[in-house]
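> need a structure here:
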Amino acid sequence: MDRIAVEGRTGPLSVLRTTGGRSGVPLVLLHPINSAAVVWEDVAARLDRPVVAPDLRGHGNSGQTGPFTVEEGYVPDVLAVLDALGLDEVHLAGGSLGGTISVALAAVRPKRVRSVATFGSTLGTGVPDEAIAEMVRELEAAGTAGYFAGQVPGIVGRKHRDSARIREVMAEAVGARPTAVVAEILYGAFGADIRHLAGNVAAAGIPVLAVAGTEDPTCPPAMSRELAEATGGTATELAGAGHLPMLEEADRVAGLLRRHLARAEEGRP
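As a prediction, this is how the structure comes out:
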C-alpha cells in the first residue's frame, strides 16, 4: 500500500491505498477510534480489489482539528477522501466506531454505498459521561501511549493477548498524540448515537453485515445484533475474537468480507 494526502474540511487526511492495478468496486476500510489505517493492512493484503483506508481526523498522520464526531466530523472526512479519489460508489467496512461511521455515511449518502460491513460496532454505546470522564483521567495520568498499551490486552480475545504483532501495530496506530485531542475523541466516540439514521440504510436496501467477536468486551455481540436488526442486515460472530478482529483474525475477516461483497454485487441477501 502507498500513502497519499488529501484535503479534508478541517485539515489534511492521510490515506493508505492498494497499488498494482486491482479491479472492482473499491472497499473503504475505516479504523476504530484511537488507532489508524495501518490496523487494516493485514486484511487489505488478503483481498483482490482496490482498498482505501484513511486515517480519520485526530488519528495517524491526519490533522488534529475537530469536531471528533460521527456526523459532523468523520463522515465528512470519508466523503472528502471519496471525492478526492474520484470514487462515486464504494463498499464500506469499519471496526468499532469505523463501523458506526460506515452506517451513518450509508444513511446520508446511500447512492454512494454498495454495502456495509461492521466489526465490533454499535449504534450507540450508552456509556455515561462520568465513565468517559474516568477514562480521560486515566489517560491524562498515563499519557496516550501508556494508556492504550495498557488497554489493548484487555480488549482482544484471550488467545491474542500475548501477540507481539498486535502490540506493535497498535503502538504505531495510537502514536503519541496530545492527551487533550484523545480526550475529545473519547467523548465524541463514546457519546455517539446514530439510531436515528439506521432506518435509512434499511430503506435503501443496502446490504449490511454486522460481525462481533464472541470475546469483545467493548462492543459485545448484542450490539451487533441490534445494528443488524435496525439496518435490515445480518449478524454473525467470530468465535474467540475480541474488539480488534482485523488484527486478531485477518484471514477470517478477509474471508467474511470477500463473501459479503460478492453477495452484495450479485444482489443476494
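
> buried set for stretch 223-234?
223-228, 230-234 (16 or more other Cβ atoms under 10 Å). Bear in mind the C-beta positions are built from the backbone N, C-alpha and C, glycine included.

> Not counting that stretch itself, show me its contacts.
Applying Cβ atoms under 8 Å, 6 or more residues apart in numbering, the external contacts of stretch 223-234 come out as 99, 103, 116, 118, 120-123, 125, 195, 198-199, 201-202, 205-212, 235, 237, 269.

> Tell me which two of the buried residues of stretch 223-234 sit farthest apart.
Checked with Cβ to Cβ, the buried residues of stretch 223-234 reach their widest spread between 223 and 232, with 16.5 Å between them.

> neighbours around the closest residue to residue 250 other than its chain neighbours, how many?
Nearest non-adjacent residue to residue 250, counting by Cβ to Cβ, 6 or more residues apart in numbering: residue 42, 3.8 Å away. A count of neighbours around residue 42, defined by other Cβ atoms under 10 Å, yields 18.

> Surely residue 42 touches residue 248?
No: with contact defined as Cβ atoms under 8 Å, residue 42 does not reach residue 248; the gap is 9.9 Å.

> any common contacting residues for these two?
Counting by Cβ under 8 Å, 6+ apart, nothing touches both residue 42 and residue 248.

> CA atoms of stretch 184-201 as PDB?
Output of stretch 184-201 as PDB, limited to C-alpha atoms (Å, rounded to 0.1, in the frame of the first residue of the first chain):
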ATOM      1  CA  GLU A 184     -12.100  14.900  22.800                       C
ATOM      2  CA  ILE A 185     -12.100  11.800  20.600                       C
ATOM      3  CA  LEU A 186     -13.200   9.600  23.600                       C
ATOM      4  CA  TYR A 187     -16.100  11.900  24.400                       C
ATOM      5  CA  GLY A 188     -17.100  12.100  20.700                       C
ATOM      6  CA  ALA A 189     -16.900   8.300  20.200                       C
ATOM      7  CA  PHE A 190     -18.500   7.000  23.400                       C
ATOM      8  CA  GLY A 191     -21.200   9.700  23.300                       C
ATOM      9  CA  ALA A 192     -22.100   8.900  19.700                       C
ATOM     10  CA  ASP A 193     -25.600   7.500  18.900                       C
ATOM     11  CA  ILE A 194     -26.800   7.000  15.300                       C
ATOM     12  CA  ARG A 195     -30.000   5.100  15.900                       C
ATOM     13  CA  HIS A 196     -31.900   7.900  14.200                       C
ATOM     14  CA  LEU A 197     -30.100   7.100  11.000                       C
ATOM     15  CA  ALA A 198     -30.200   3.300  10.900                       C
ATOM     16  CA  GLY A 199     -33.600   3.000   9.300                       C
ATOM     17  CA  ASN A 200     -32.400   5.000   6.300                       C
ATOM     18  CA  VAL A 201     -30.000   2.200   5.500                       C
END
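
> Other residues contacting it?
With contacts defined as Cβ under 8 Å, 6+ apart, stretch 184-201 is touched by 33-34, 58-59, 66-71, 73, 97, 100, 103-104, 106-108, 110, 116, 123-127, 129, 131-132, 135-136, 139, 208, 227, 230-233.

> What pLDDT does the model give residue 20?
With respect to pLDDT, residue 20 has a value of 83.

> Endpoints of stretch 14-31, how far apart?
Its start and end residues considered, stretch 14-31 measures 13 Å (Cα to Cα, to the nearest Å).

> and if you look at stretch 224-239?
Termini of stretch 224-239 sit 14 Å apart (Cα to Cα).

> What mean pLDDT does that stretch get?
The pLDDT scores in stretch 224-239 average 98.
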